[in-house]
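*Asks:* quick one, structure for this:
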Amino acid sequence: MTTEQNNIHDNDSENFEEMLEHSMNRRDDFTLGNRVDGTVVFITGESVFVDILGKSEAVIDISEFRNNDGSVSVRVGDAIHAYVVSLSSGEIHLTTSIGKGATSTAIMEIAYRESIPVYGTVLAAIKGGFSISVGGIRCFCPVSQIDSRPSSDHNALLNRSFLFLIIEFKESGKNIILSRNVLQKEQRNQAEESLKKSMKVGDTVSGTVSGIRDFGIFIDIGGIEALVPKSELSWSRFADTGAFIEGEKMNAAVKSIDWNAKRITLSIKDLVPSPWEHIGTYELGQTISGRVVNIIKNGAFVEIEPGIDGFIPVSRMSQVKKLNKPEEAVSVGARVKAKIISIRQEEKKISLELIPDEPDPWNESGELADSHMVTVESVEQSGLQVRLSNGMLGFIPRRELTVKNESEIPKRYTAGTQIHAATLKIDQESRKLILSETQALKMEELKDYENFIKKETSSQTATLGAMFKDTFKDIRNKMDK
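*Replies:* This is a model prediction of the structure:
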């Protein structure tokens with residue numbers, strides 16, 4: 001026999017021995033409820049065939065592997081875990097989760113005895129709990145057992161599917177009670193032990209949004225639910241939990257861990273740089289657009305961008321009128337335009353001036369008349385704050401008032417009182433206007449004198465006019481001194 005023939009003979013012997021050993025390892029002692037491991041060997045339009053080392057291949061309905069878009073999530077060669085649900089005419093039928101495919105009360109009883117999770121769909125909210133379908137078999141889940149954090153919105157659970165444990169099996173399967181809460185606790189304990197060994201504060205973790213509340217969102221990080229408080233959702237002080245969707249995948253930073261209280265706090269905003277790191281992109285005098293996010297007694301906060309708020313004092317909300325409260329100019333939620341008047345980076349504070357939808361009288365202040373009728377707004381130690389008819393705010397120093405007696409000033413110049421005042425100094429850039437009541441009085445006297453002289457001259461009453469003319473010349477000389 002040649003060397004080549006010897007090699008062929010040896011290979012045939014080895015292949016035969018492998019096949020014999022493989023066939024000897026195959027079994028036919030499967031029973032209902034057995035948990036088996038196998039490998040996908042063939043896929044058709046209706047079934048997935050799995051090699052579980054049995055005398056024949058096992059079959060799983062392909063619907064158990066279809067995604068929402070119709071694609072199949074399993075491939076030939078994939079290893080899977082499954083349960084035996086049917087043994088008929090030499091065929092073995094499996095399910096990856098009891099309840100996903102065909103099932104029976106016998107299988108349900110085995111699942112109860114062996115604490116095997118079952119897959120159920122919430123059909124309806126009924127008295128005391130929910131009606132659940134597990135592969136077509138009606139079961140009951142009490143409200144307290146549907147979730148570790150039961151929601152008051154029962155309708156939110158309808159037509160949704162979850163894994164449950166059977167905690168009671170009575171009357172030959174006519175009375176089956178399920179619990180999702182028990183299963184969640186078991187899974188949580190296992191996950192907790194694993195995370196205790198690996199997770200620490202500052203780590204970045206991945207998870208899925210599992211719950212949404214007004215105070216924050218819950219993220220499932222491998223069987224453990226961690227809370228992202230509302231304040232940690234973003235740099236904005238007014239983050240909206242409604243912007244998140246259950247089932248959405250999310251990354252977050254571990255903020256704190258308290259294993260005794262079983263509390264893990266996460267932060268989404270910690271994964272994003274603080275907006276104050278690029279505050280240099282803003283400058284004094286710049287016009288910004290923002291949303292009013294809060295109003296207090298003396299002003300309003302405007303969100304320039306998430307994490308950066310500016311403050312508009314009520315005194316900076318109008319150029320033409322005195323506002324008693326911020327609500328007279330802005331409202332929460334409204335978008336406004338404002339000008340940056342100061343940036344204090346160390347204190348993380350920005351001051352703004354509202355750009356209202358009204359004419360700015362300071363733009364035309366160069367055309368102001370010499371004398372005005374003004375309204376007293378307040379009496380201060382150093383003088384009066386007054387408002388012009390066009391809305392400009394001015395100031396009359398105490399020395400420029402006609403009333404000099406300190407005790408008489410508050411009586412004479414009450415808020416709302418109208419007096420005449422003349423312009424002494426105006427600074428458009430700093431928006432300062434200084435007025436004088438005494439100067440206005442002199443201007444009125446001078447005007448009366450000039451009118452009188454004009455009248456006398458036109459009537460040619462020389463003697464009497466000359467007499468009054470001399471008198472008023474003396475008055476005018478005194479006024480000009």
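*Asks:* quick one: contacts for the closest residue to S382 other than its chain neighbours?
*Replies:* Leaving out its chain neighbours, the residue that sits closest to S382 by CB to CB, 6 or more residues apart in numbering is R398, at 6.0 Å. Placement of C-beta: from N, CA and C, glycine included. Going by CB atoms under 8 Å, 6 or more residues apart in numbering, R398 touches 382-383, 409.
*Asks:* now do the helix or strand hosting A124: everything it contacts.
*Replies:* Using DSSP states H and E, A124 maps to strand 118-126. Here strand 118-126 makes contact (CB under 8 Å, 6+ apart) with 97-100, 103, 108, 111, 130-135, 138-141, 146, 154-155, 157-166, 178.
*Asks:* the stretch 151-300 of the chain: helices as residue ranges?
*Replies:* With DSSP state H, counting those that start in this stretch as the definition, the stretch 151-300 of the chain shows helices at residue ranges 181-198.
*Asks:* can you show me the strands along it?
*Replies:* 161-170, 175-179, 204-213, 216-220, 225-229, 249-258, 263-267, 287-296, 299-305 (DSSP state E, counting those that start in this stretch).
*Asks:* that older thread, for PyMOL, what selects the buried ones among the contacts of strand 118-126?
*Replies:* Buried residues among these (16 or more other CB atoms under 10 Å), as a PyMOL selection:
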select buried, resi 97+98+99+100+103+108+111+130+132+133+134+135+139+140+141+146+154+157+162+163+164+165+166+178
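*Asks:* quick check: pLDDT value at the residue nearest to S382.
*Replies:* With respect to pLDDT, R398 scores 91.
*Asks:* okay, and the beta partners of C141?
*Replies:* Per DSSP bridges, the residues bridged to C141 are F130.
*Asks:* err, S342, not the other one
*Replies:* Those that pair with S342 in a beta bridge, by DSSP bridges, are S351.
*Asks:* correct me, but it touches L284?
*Replies:* Yes: with contact defined as CB atoms under 8 Å, S342 counts as touching L284 (7.1 Å).
*Asks:* show me the helices in the stretch 351-481 of the chain, by range?
*Replies:* 409-412, 437-459, 462-480.
*Asks:* now the longest one: mean pLDDT?
*Replies:* Per-residue pLDDT over helix 437-459 has a mean of 79.
*Asks:* what's it packed up against?
*Replies:* When contacts are defined as 3 or more CB pairs under 8 Å, 6 or more residues apart in numbering; DSSP states H and E, helix 437-459 sits against strand 371-380, strand 418-427, helix 462-480.
*Asks:* domain-wise, how is the chain divided?
*Replies:* Per the record, the chain has its domains at 105-184, 199-271, 282-354, 366-481, by automatic domain parsing.
*Asks:* so how far is the third one off the chain centroid?
*Replies:* Pointing back at domain 282-354 there. 21 Å (CA atoms, centre = their mean, to the nearest Å).
*Asks:* and the end-to-end length of it?
*Replies:* End-to-end span of domain 282-354 (CA to CA, to the nearest Å): 16 Å.
*Asks:* residue contacts, G222?
*Replies:* Here G222 is in contact with 191, 194-195, 207 (CB under 8 Å, 6+ apart).
*Asks:* about what we covered before: okay, the strands of the stretch 151-300 of the chain in JSON lines with mean pLDDT and distance to L446 next?
*Replies:* Listed next are the strands of the stretch 151-300 of the chain as JSON lines, based on pLDDT from 0 to 100; distance: least, CB to CB, whole Å:
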{"stretch": "strand 161-170", "mean pLDDT": "93", "distance to L446": "93"}
{"stretch": "strand 175-179", "mean pLDDT": "95", "distance to L446": "98"}
{"stretch": "strand 204-213", "mean pLDDT": "90", "distance to L446": "75"}
{"stretch": "strand 216-220", "mean pLDDT": "92", "distance to L446": "73"}
{"stretch": "strand 225-229", "mean pLDDT": "92", "distance to L446": "71"}
{"stretch": "strand 249-258", "mean pLDDT": "93", "distance to L446": "75"}
{"stretch": "strand 263-267", "mean pLDDT": "93", "distance to L446": "73"}
{"stretch": "strand 287-296", "mean pLDDT": "92", "distance to L446": "45"}
{"stretch": "strand 299-305", "mean pLDDT": "93", "distance to L446": "44"}
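*Asks:* about what we covered before: rebuild the domains of the chain as TSV, extending it with distance to D69.
*Replies:* As requested, the domains of the chain are exported to TSV (distance: least, CB to CB, whole Å):
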stretch	distance to D69
domain 105-184	17
domain 199-271	15
domain 282-354	34
domain 366-481	63
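*Asks:* worst average pLDDT in those domains?
*Replies:* Ranked by mean pLDDT, the domains of the chain bottom out at domain 366-481, with a mean of 79.
*Asks:* so which of the domains of the chain gets nearest V41?
*Replies:* domain 105-184 (24.2 Å; CB to CB).
*Asks:* about what we covered before: are any of the contacts of R398 buried, and if so which?
*Replies:* Neighbour-count burial (16+ other CB under 10 Å) is assigned, among the contacts of R398, to G383.
*Asks:* could you export the contacts of R398 as CSV, including distance to M317?
*Replies:* CSV is the format used below for those (distance: CB to CB, whole Å):
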residue, distance to M317
S382, 24
G383, 24
I409, 29
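*Asks:* which of the contacts of R398 sits closest to I355?
*Replies:* Nearest to I355 among those is G383, at 29.2 Å by CB to CB.
*Asks:* show the contacting residues for the closest one.
*Replies:* By CB under 8 Å, 6+ apart, the contact set of G383 is 395-398, 400-401.
*Asks:* mind giving me the ChimeraX select for these, buried ones only?
*Replies:* Only the buried members of the contacts of G383 enter the following ChimeraX selection, criterion being 16+ other CB under 10 Å:
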select :395,396,400,401
